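Colleague: sequence and predicted structure below; questions after.
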Amino acid sequence: MRRTRILTTVLALAAGLLAGTPPALAADPTQPAIAADTYTWKNARIDGGGFVPGIVFNRTEKDLAYARTDIGGAYRWQESTKTWTPLLDSVGWEDWGHTGVASLASDSVDPDKVYAAVGTYTNSWDPGNGAVLRSSDRGASWQRTDLPFKLGGNMPGRGMGERLAVDPNRNSVLYLGAPSGKGLWRSADSGVTWSQVADFPNVGNYAQDPTDTSGYASDNQGVTWVTFDESTGTSGSATKTIYVGVADKDNAVYRSTDAGVTWSRLAEQPTGYLAHKGVLDTENGHLYIAYSDKGGPYDGGKGRLWRYATATGTWTDISPVAEADTYYGFSGLTVDRQKPGTVMATAYSSWWPDTQIFRSTDSGGTWTKAWDYTSYPTRSNRYTMDVSSSPWLTWGANPSPPEQAPKLGWMTESLEIDPFDSDRMMYGTGATVYGTENLTDWDSGSQFTIRPMVQGLEETAVLDLASPPSGAPLLSALGDVGGFRHTDLTKVPSMMFTSPNFTSTTSLDFAESNPNTVVRVGNLDSGPHVAFSTDNGANWFAGSDPSGVSGGGTVAAAADGSGFVWSPAGAGVHYATGFGTSWAASSGIPAGAIVESDRVDPKTFYGFKSGKFYVSSDGGATFTASSATGLPAGGSVRFKALPGTKGDVWLAGGASDGAYGLWHSTDGGATFAKLSGVEQADTIGFGKAATGASYQTLFTSAKIGGVRGIFRSTDKGETWTRVNDDAHQWGWTGETITGDPRVYGRVYVATNGRGVIYGDSSDTGGGTDPGPGPDPSPTSACTVTYKVTNQWSDGFQADVQLTNTGSTAWNGWSLGWTFPDGQKVTQAWNAEYAQSGSAVTAKNVGWNGTVAAGSSVGFGFTGSWSGTNTKPAAFKLGDRICTVS
């Protein structure tokens, strides 16, 4: 499955990006009242769903490993649970490009340190420059140094690497290979400052397609990897010999033998190929290089594997097959640190019938394959595959030989043998992370077992979400893997939507009064672009396309399921009665309009395009433009009709250079009122009403009171509660959002690469959102929950929930405690902190000072510890001792 990971509506988004750090929310009578709630955030489990171009093991600490993704952040392996922990959820709206990780490096001298080179696109799609993030607590918190150029975590060539490397002898020294002709960069102070290596002679010259006017495929892929020869240095002194790969088919590898002072092209090196990976076996003095004729990760039609003897300068072609027999490039290069001479590589761009993995135990002298033909098309595999934990990886396919389901993989740019365990291997694909824990059975002639090793790593791009009032709680439309029906949010669904399998589902809808009727539309290379279900999305059948359809577009189901309106790519808006066997063109509405249905009247549909709202009262046959004015003419717009009330419509969107915000209509779109105080809004969704409330709960990804976040209102937008916090931002969340009609407070958030995030409120009673209340001294009854959520050798992360169990609201709070073991707070979010000795005080920030009776507020922090990390025994709110739960 090819992954075209381009941020939806990225050009419109760029115009609305914020600059700088969001200010705290201040009291302002013109703004809606703001409060805060404590939410628990999880992923609706899919497990994977995207390309993992890099896996990095630490060389000195067992079981410490990281994975980088092209648009979904970075992760750390948790050996105790065999799961991945996300590390970049704190990336905010204005820095959304930093969810693309171009490279990652783990410090072998100080394993607590990890670095990430971040930035998604080097062209205009990402308006911001790249950055190097540095962490001294394994990614629990980060500091940032901005770079004077862009990085491309989702650009062509992103599987090459690693571009970022830490000197294994003097770990204050790092190198970074830059794209776009920016050369090689060096830091001498552990990533705090960076400067270009002026004497490095080659910035690269290879671009996938120099004629691409968008700048995506025409960018110079630049300096692609850095490898240190640790045997040429001693602890505390800079490593003398460094190898660097460059995207230049005639001059692919350079070397320095004086710790980076001077550089020269390696003599007699192969030409005509790009060096995707350079991995050094210092025990035997061999530098292995995997070559391809293209930059990948999709393309690559020829390739070679070479071995360079570092002592003699001798080059040896160790390719496992003849050049004429390759239809792929090589990558996924790794060596077994426990068994020098064992080396593996992949045919990363072999899409059909499968990828291939090669293994040698004699330094490339001879090779065996993960699979081979007995007699074509019959295959004999050295492995078995168990995808029971992620059964959708078969894609519901039953292919003809030599293809198999599940596939061994595709886009296999990163394969790593655990440096402490010869039996463990992990490799990334375009859809998951696979691995094995009995790899050496390969050498004995037994089959080794491959399983997904991906739990916790969620990497789908979410295009639409729906939470019906009955049936499955969640239906999702996803890029690249189609979408899923979740009957249990904590379990991986058995299969994505099939019959047909869309590469990307762009829109879906259900009939409000008959939720068993569901429609979805999407992209497909050949075949219909619309499908229907009569059992709430459990099973599907294909509809037919109107003439000219080239992509999914948006779709709406009548309130009772009796008809549908579809606005596909490549054709105008169409309508149908029944299940889309015959479509007719709608009149009065432009092609490309967004369409939605009224949730009460089955004959009423709505549309929007370029500042104009359209209404149909005859099932989509004819539309009439509303006289409503002031709606956004630019940027991205999304709107929805409220269930249960005819003609109640909410519209969000716009751009910062024009109309931008949230609008409400109670007359079916004839007029709209803009909500004052909602400065920007990009999505709107509805959930179960709060107890005692007469209106459904609203959710939006918005900027309110100067702060970007996920907000909730239980009083029709008069007051708002920010429900996420600075540790949970997930980059760009502007595609879609929905509440849950059955669970008060639950919200489903669409991310662009972190999957479907859902949050549950601590306010389970569902009271109204608190506005500014009285200003008592915050000494009323209180309860504190203190939880250590992560801990490592000298650091930890904790979450604190403070609940107002009194009868009056707080307008400002200050919580104090004493650490029993000398712990120190190093960083806090959602609270200002001060520490004197072992005594700590945490105070509200501007936007979360108001806490209604019965409500809670939460904050978190990272800290350091030594010896023991005992929890505080007591907490005081002012002079009042809180109950500890």
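Modeller: That came in fine, so what should we check first? Numbering: from 1, shown residues only.
Colleague: from the contact counts, what lies against the helix or strand Y614 falls within?
Modeller: Taking DSSP states H and E as the definition, Y614 sits inside strand 612-616. In this structure, strand 612-616 makes packing contacts with strand 605-609, strand 624-625, judged by 3 or more CB pairs under 8 Å, 6 or more residues apart in numbering; DSSP states H and E. (C-beta placed from N, C-alpha, C; glycine too.)
Colleague: just how off-centre is stretch 474-491 within its chain?
Modeller: Its chain's C-alpha centre and that of stretch 474-491 lie 15 Å apart, by CA atoms, centre = their mean, to the nearest Å.
Colleague: also stretch 743-759?
Modeller: Using CA atoms, centre = their mean, the offset of stretch 743-759 from its chain centre is 13 Å.
Colleague: now do stretch 186-196
Modeller: Put simply, stretch 186-196 sits 27 Å off its chain's centre (CA atoms, centre = their mean).
Colleague: same check on stretch 444-463?
Modeller: 17 Å.
Colleague: list the buried residues for it?
Modeller: For stretch 444-463, the neighbour count (16 or more other CB atoms under 10 Å) marks 448, 450-463 as buried.
Colleague: how many neighbouring residues does the closest residue to G471 other than its chain neighbours have?
Modeller: Leaving out its chain neighbours, the residue that sits closest to G471 by CB to CB, 6 or more residues apart in numbering is N536, at 3.5 Å. Around N536 there are 19 other residues, counting by other CB atoms under 10 Å.
Colleague: what's the most buried one of the helices and strands packed on strand 612-616?
Modeller: Ranked by average neighbour count under the criterion mean count of other CB atoms under 10 Å, those are headed by strand 605-609 at a mean of 26.
Colleague: before we move on, the earlier item: between the strand holding Y614 and strand 605-609, how many degrees?
Modeller: 160 degrees (axes from the mean of the first three to the mean of the last three CA atoms, to 10 degrees).
Colleague: mean confidence (pLDDT) on strand 612-616, please.
Modeller: For strand 612-616, the mean pLDDT works out to 98.
Colleague: cool, stretch 758-775 as well?
Modeller: Over the span of stretch 758-775, the pLDDT mean works out to 60.
Colleague: picking up where we left off before, adjacent strands (with direction) for the strand holding Y614?
Modeller: Strand pairing for strand 612-616, determined by DSSP bridges: strand 605-609 (antiparallel), strand 624-625 (antiparallel).
Colleague: circling back: separation between the residue nearest to G471 and S470?
Modeller: Look at N536 and S470: by CB to CB, to the nearest Å, they are 8 Å apart.
Colleague: and for the two, which residues touch both?
Modeller: Counting by CB atoms under 8 Å, 6 or more residues apart in numbering, the contacts common to N536 and S470 are P515.
Colleague: related to what we said a few turns ago, who wins for proximity to K249 among the strands paired with strand 612-616?
Modeller: strand 605-609 (46.5 Å; CB to CB).
Colleague: what's next to that closest one, contact-wise?
Modeller: 556, 558, 565, 567, 573, 575, 589-590, 592-598, 613-616, 619-620, 623, 631, 637, 639, 641, 649, 651, 668-669.
Colleague: swap in 6 Å and give it another go.
Modeller: Around strand 605-609, the neighbours that count as contacts under CB atoms under 6 Å, 6 or more residues apart in numbering are 556, 565, 589-590, 593-597, 614-616, 620, 623, 637, 639, 669.
Colleague: low-confidence regions, this structure specifically.
Modeller: Where the chain drops to pLDDT under 70, the residues are 1-36, 764-780, 846-847.
Colleague: doesn't W442 belong to a helix?
Modeller: Yes - assignment of W442 by DSSP: H, G, I helix; E, B strand; the rest coil places it within a helix.
Colleague: distance check, it against M426.
Modeller: In terms of CB to CB, W442 sits 15 Å off from M426.
Colleague: give me the number of residues near E735?
Modeller: 24.
Colleague: settle this for me: it is touching Y748, isn't it.
Modeller: No - in this structure E735 lies outside contact range of Y748 using CB atoms under 6 Å: 11.5 Å.
Colleague: circling back to that earlier point, okay, the strand holding Y614 in CSV with CA atoms only?
Modeller: C-alpha atoms of strand 612-616 as CSV (Å, rounded to 0.1, in the frame of the first residue of the first chain):
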residue,chain,number,x,y,z
LYS,A,612,-21.7,30.1,0.3
PHE,A,613,-24.1,27.8,2.2
TYR,A,614,-26.5,25.7,0.2
VAL,A,615,-29.7,24.0,1.2
SER,A,616,-31.8,21.2,-0.5
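Colleague: and the strands in the stretch 501-650 of the chain, which stretches?
Modeller: According to DSSP state E, counting those that start in this stretch, the stretch 501-650 of the chain carries its strands in the segments 504-511, 514-523, 530-533, 541-542, 551-557, 563-569, 574-577, 584-585, 594-597, 605-609, 612-616, 624-625, 636-641, 649-654.
Colleague: how about A828, secondary structure?
Modeller: strand.
Colleague: please tell me how far it sits from T862.
Modeller: A828 is 8 Å from T862, by CB to CB.
Colleague: show me what the one helix or strand A477 maps to is packed against.
Modeller: In the assignment (DSSP H and E), A477 maps to strand 474-478. Under the contact definition 3 or more CB pairs under 6 Å, 6 or more residues apart in numbering; DSSP states H and E, strand 474-478 sits against strand 462-466, strand 482-486, strand 504-511.
Colleague: residues touching that strand, excluding its own?
Modeller: Strand 474-478 is contacted from outside by 44, 460, 462-467, 483-486, 505, 508, 537, 756, using CB under 6 Å, 6+ apart.
Colleague: got the angle between that strand and strand 514-523?
Modeller: Using the same axes, to 10 degrees: strand 474-478 against strand 514-523 is 10 degrees.
Colleague: strand 474-478: partners in the sheet, and parallel or antiparallel?
Modeller: Strand 474-478 pairs in its sheet with strand 462-466 (antiparallel), strand 482-486 (antiparallel), by DSSP bridges.
Colleague: would you mind confirming that Y308 is in contact with L287?
Modeller: Yes - the pair Y308 / L287 is scored as a contact, 4.2 Å apart, by CB under 6 Å.
Colleague: what is the nearest of the contacts of strand 474-478 to S526?
Modeller: Ranked by distance to S526 (CB to CB), these are led by T505 at 16.5 Å.
Colleague: please tell me how far the closest one sits from L474.
Modeller: T505 is 14 Å from L474, by CB to CB.
Colleague: same question for T503.
Modeller: Counting by CB to CB, the separation of T503 from L474 is 21 Å.
Colleague: those two: who's more crowded?
Modeller: More neighbours surround L474 than the other of T503 and L474, with 24 against 19 (other CB under 10 Å).
Colleague: contacting residues for the nearest residue to the more buried one once chain neighbours are set aside?
Modeller: Closest residue to L474 apart from its sequence neighbours, by CB to CB, 6+ apart: H486 at 4.1 Å. Neighbour list for H486: A44, A472, L474, P493 [criterion: CB under 6 Å, 6+ apart].
Colleague: list the beta-bridge partners for L184.
Modeller: On the basis of DSSP bridges, L184 is bridged to G177.
Colleague: and if you look at S103?
Modeller: S103 has the following beta-bridge partners by DSSP bridges: A117.
Colleague: from what I see, it and A165 are in contact.
Modeller: No - checked against CB under 6 Å, the pair S103 and A165 is beyond contact range at 8.4 Å.
Colleague: of the two, which one has the most company?
Modeller: Of the pair S103 and A165, S103 is the one with more neighbours under other CB under 10 Å, namely 27 against 22.
Colleague: run through the residues that contact the more buried one.
Modeller: Each residue near S103 by CB under 6 Å, 6+ apart is listed here: A117, G161, E162, R163, L164.
Colleague: any figure for the gap between it and V56?
Modeller: Applying CB to CB to S103 and V56 gives a distance of 9 Å.
Colleague: now do G181
Modeller: Distance from G181 to V56, by CB to CB: 26 Å.
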